[in-house]
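J.: need coordinates for the following:
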Amino acid sequence: MGDGTARKLGAGHIAEVDLEQVAEEIESLGKSEQQQLANRLVILLGHLLKWDFPPSQRKGGWKATINEQRFRIHRLLSKHPSLQPLVEETIAEVYPKAVMSAVNGIGTMVEQDFPRTCPYSRGEIPPL
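T.: Okay, the predicted model is just below:
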């Protein structure tokens, strides 16, 4: 929200506020948070895939990234509980991008080497 709008709201001058603009800014903020969730899930799922398929090629840095993304997703969901109902749907939507990330990160595998659908449910990606 622009400084002028925030000042007007803070001062109780609601009649002077462009409510349509406020609604657009709130909607934009919500979309930004949804995109952040999607981006973090791509990173997390991509690294989980690299970690699990095949386990013989595991690298320690991947585990650190997995833990970092889990923490950041948990924090994002704590700050924005309205994102909670979107997690399962977002996992399914971003899974193909996560597979591409894993393929690029491993280099010795192709898309067909990974499960067609996400093998991880929300419950298997703690602390979601």
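
J.: next one: phi and psi at Ser121?
T.: phi -90, psi 170 (degrees, to the nearest 10).

J.: name all residues that make contact with it.
T.: By Cβ atoms under 8 Å, 6 or more residues apart in numbering, the contact set of Ser121 is 88, 91. From N, CA and C alone the C-beta is placed, and that goes for glycine too.

J.: quick one: the helices in this structure, in order.
T.: Secondary structure of the chain by DSSP state H: the helices cover 3-10, 19-52, 60-79, 87-106.

J.: redo those as JSON lines? Include distance to Cys118 and mean neighbour count.
T.: Putting the helices of the chain into JSON lines (distance: least, Cβ to Cβ, whole Å; neighbours: other Cβ atoms under 10 Å) gives the following:
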{"stretch": "helix 3-10", "distance to Cys118": "40", "mean neighbour count": "12"}
{"stretch": "helix 19-52", "distance to Cys118": "7", "mean neighbour count": "16"}
{"stretch": "helix 60-79", "distance to Cys118": "15", "mean neighbour count": "14"}
{"stretch": "helix 87-106", "distance to Cys118": "4", "mean neighbour count": "17"}
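
J.: dump these to CSV, plus distance to Glu124 and mean pLDDT.
T.: Formatted as CSV, the helices of the chain follow (distance: least, Cβ to Cβ, whole Å; pLDDT from 0 to 100):
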stretch, distance to Glu124, mean pLDDT
helix 3-10, 41, 63
helix 19-52, 9, 79
helix 60-79, 11, 92
helix 87-106, 10, 94
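
J.: ok, which of those comes nearest Asp113?
T.: Closest approach to Asp113 among the helices of the chain is made by helix 87-106 (8.0 Å; Cβ to Cβ).

J.: grab the most central residue of this structure for me.
T.: Leu37 (2.0 Å; Cα atoms, centre = their mean).

J.: right, and it touches Arg75 too?
T.: No - when contacts are counted by Cβ atoms under 8 Å, Leu37 is not listed as touching Arg75 (11.1 Å).
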